[in-house]
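following is a predicted model, sequence given first.
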Amino acid sequence: MEHLVQARIKHNNHDRARYPFVGKVISDKNLQKKGPLFCNRHNLLESLKNDSSEDFIVKVLNIEEKAVIGEIIERLPKVPDTLKLICPQLVYRQLYHAFFNLNYNILFVGPHGSGKTTTSRLLAEAFGMQFEYFSCAGIMEPQDFFAKLELHEKNGHSFTFYRPTRLREIFIPKVQNDKSVLVMLDEINRCSEVAQNALFSLLDKTKVFYDPITEKLQPVPVNVKFIAAANIGRYSGTFRLDNAILDRFLTIELSYPSQEAESEFLSSSFPEVPNKFIELLTKFADSIRQDPLLTPISLRITRQITEQVNLCLDLFNGSQEPQNWSPELVKIIINTASGRLYGAGSAKSNEADILKERLMLYFESVI
């Protein structure tokens with residue numbers, strides 16, 4: 001079986017005659033310990049500038065005592081800066097090929113608040129596509145994807161008519177749009193199993209849908225691509241996804257980012273919030289995510305907390321040191337997080353109470 005690794009390659013300035021290119025293995029910690037990676041000349045490397053490096057997929061040919069010998073297989077597409085912190089390069093590579101080479105639909109699965117919607121929106125931006133969001137929650141009948149039946153009264157008479165959904169407006173636009181469109185079908189496992197029948201021809205190679213307004217099959221425009229998201233786990237109001245639906249997707253699992261990546265993402269989004277605060281917040285969130293007995297704190301919660309304190313920067317008193325911050329920050333943190341913690345507002349809110357208490361004690365101990 002081929003051993004493929006991700007490696008960062010540059011020109012070899014010391015022994016060009018034997019191995020013109022040298023680099024380091026990124027994706028395999030065991031091979032990293034073996035030393036540098038050497039590669040022969042390859043047409044993909046011809047455009048590599050002398051003072052720069054790029055990431056490639058490399059096939060390992062030989063593992064020597066203090067070096068690894070490899071063969072270039074493929075250049076990895078460069079991850080845009082906006083996606084670096086939440087989308088690993090190998091995941092981005094999958095997505096890039098799925099959209100542009102293989103014409104696959106993508107399904108993101110993972111815990112709530114792990115960045116599925118954010119990643120989808122940023123992918124559309126990176127690929128130069130128009131982003132369109134459509135929630136599948138509450139879709140009970142196949143036609144509900146495309147039109148909603150409404151009852152109206154006029155001059156004492158009742159009548160019904162179909163009101164087109166945003167999804168139908170995308171498929172049958174009033175003005176021709178040549179720009180590629182990325183449609184996100186969010187919460188796809190919150191539509192009923194009966195309603196899922198509308199998705200079969202939508203997502204397979206036939207690319208058609210039954211339009212309840214015209215009562216005809218309509219083609220899906222060729223410039224439309226699909227990405228869907230599903231929360232897998234202990235979530236109420238969800239339905240089983242039919243295996244035939246799953247077969248129409250390339251499934252990619254997204255998990256919560258590392259504490260360092262989340263800190264960098266929040267710092268780049270809210271540069272005026274002290275880095276120390278973001279470090280403390282992401283450290284707490286990471287500790288909860290590592291506890292198998294508690295529901296993880298989502299990226300939405302950490303972002304919303306940071307967003308709220310960003311509106312009250314005066315409470316930091318111009319300091320990076322927590323002991324100089326106002327205790328009012330703790331109230332803002334608790335008030336922002338309370339409604340989003342699991343069980344909040346219900347009779348069985350023990351877990352939410354535990355999380356709130358831990359959150360309060362954590363920040364009160366440093367502020």
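Nice, I can see it.

going forward, measure contacts between C-alpha atoms and count neighbours the same way
OK.

so where is the stretch 151-300 of the chain shaky, pLDDT-wise?
Within the stretch 151-300 of the chain, the ranges that satisfy pLDDT under 70 run 233-237.

need the helices for this structure, in chain order.
29-32, 89-100, 116-126, 166-171, 200-203, 243-246, 259-269, 275-289, 299-310, 328-338, 350-364 (DSSP state H).

okay but His11 is in contact with Phe21, surely?
Yes: the pair His11 / Phe21 is scored as a contact, 4.5 Å apart, by CA atoms under 8 Å.

thinking again about what came up before, wait, which of the helices of the chain is closest to Lys49?
helix 89-100 (21.0 Å; CA to CA).

what about stretch 8-17, how long is it end to end?
The first and last residues of stretch 8-17 sit 20 Å apart, counting by CA to CA, to the nearest Å.

how far out from the middle of the chain is it?
Between the mean C-alpha point of stretch 8-17 and the mean C-alpha point of its chain there is a distance of 36 Å (CA atoms, centre = their mean, to the nearest Å).

how about stretch 204-216, which residues are buried there?
For stretch 204-216, burial by neighbour count (16 or more other CA atoms under 10 Å) applies to Lys207, Val208, Phe209, Tyr210, Asp211, Pro212, Ile213.

for the fifth one, give the beta-bridge partners.
Listed by DSSP bridges, the beta-bridge partners for Asp211 are Lys216.

ok, it to Lys205 distance?
Computed with CA to CA, the distance linking Asp211 and Lys205 is 18 Å.

list the contacts for Pro296?
With CA atoms under 8 Å, 6 or more residues apart in numbering as the criterion, the residues that contact Pro296 are Ala285, Ile288, Arg289, Gln290.

share the number of residues neighbouring the closest residue to Tyr210 other than its chain neighbours, please.
Closest residue to Tyr210 in three dimensions, ignoring its sequence neighbours and counting by CA to CA, 6 or more residues apart in numbering: Leu217, at 4.4 Å. Residue neighbour count, defined by other CA atoms under 10 Å, stands at 11 for Leu217.

isn't Leu217 right up against Lys207?
No: between Leu217 and Lys207 there is no contact under CA under 8 Å: 10.0 Å.

circling back: same list, the helices of the chain, but as JSON lines with mean neighbour count please.
Converted to JSON lines, the helices of the chain look like this (neighbours: other CA atoms under 10 Å):
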{"stretch": "helix 29-32", "mean neighbour count": "13"}
{"stretch": "helix 89-100", "mean neighbour count": "16"}
{"stretch": "helix 116-126", "mean neighbour count": "19"}
{"stretch": "helix 166-171", "mean neighbour count": "17"}
{"stretch": "helix 200-203", "mean neighbour count": "18"}
{"stretch": "helix 243-246", "mean neighbour count": "12"}
{"stretch": "helix 259-269", "mean neighbour count": "18"}
{"stretch": "helix 275-289", "mean neighbour count": "18"}
{"stretch": "helix 299-310", "mean neighbour count": "18"}
{"stretch": "helix 328-338", "mean neighbour count": "17"}
{"stretch": "helix 350-364", "mean neighbour count": "16"}
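
out of those, which comes closest to Ser53?
helix 89-100 (15.0 Å).

can you tell me what sits against that closest one?
Applying CA under 8 Å, 6+ apart, the contact partners of helix 89-100 are Leu76, Pro77, Lys78, Val79, Asn103, Tyr104, Asn105, Ile106, Lys225, Leu250, Ile252.

take those and keep only those in strands.
With DSSP state E as the criterion, strands contain Asn105, Ile106, Lys225, Leu250, Ile252 from among the contacts of helix 89-100.

name the nearest residue to Phe270, sequence neighbours excluded.
When the adjacent residues along the chain are set aside, Phe270 lies closest to Asn310, with 7.0 Å between them (CA to CA, 6+ apart).

could you pull up the residues touching the one you found?
Shown in contact with Asn310 (CA under 8 Å, 6+ apart): Phe270, Glu272, Val273.

for burial, what's the neighbour tally of Met135?
I think there's a mix-up here, since residue 135 is Ser and not Met. Look at Ser135: counted by other CA under 10 Å, it has 17 neighbours.

mind checking how far it is from Pro142?
Here the criterion is CA to CA. By it, Ser135 lies 14 Å from Pro142.

dump the helices of the chain to TSV, plus distance to Glu54.
Putting these into TSV (distance: least, CA to CA, whole Å) gives the following:
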stretch	distance to Glu54
helix 29-32	17
helix 89-100	12
helix 116-126	19
helix 166-171	38
helix 200-203	35
helix 243-246	34
helix 259-269	21
helix 275-289	30
helix 299-310	30
helix 328-338	41
helix 350-364	42
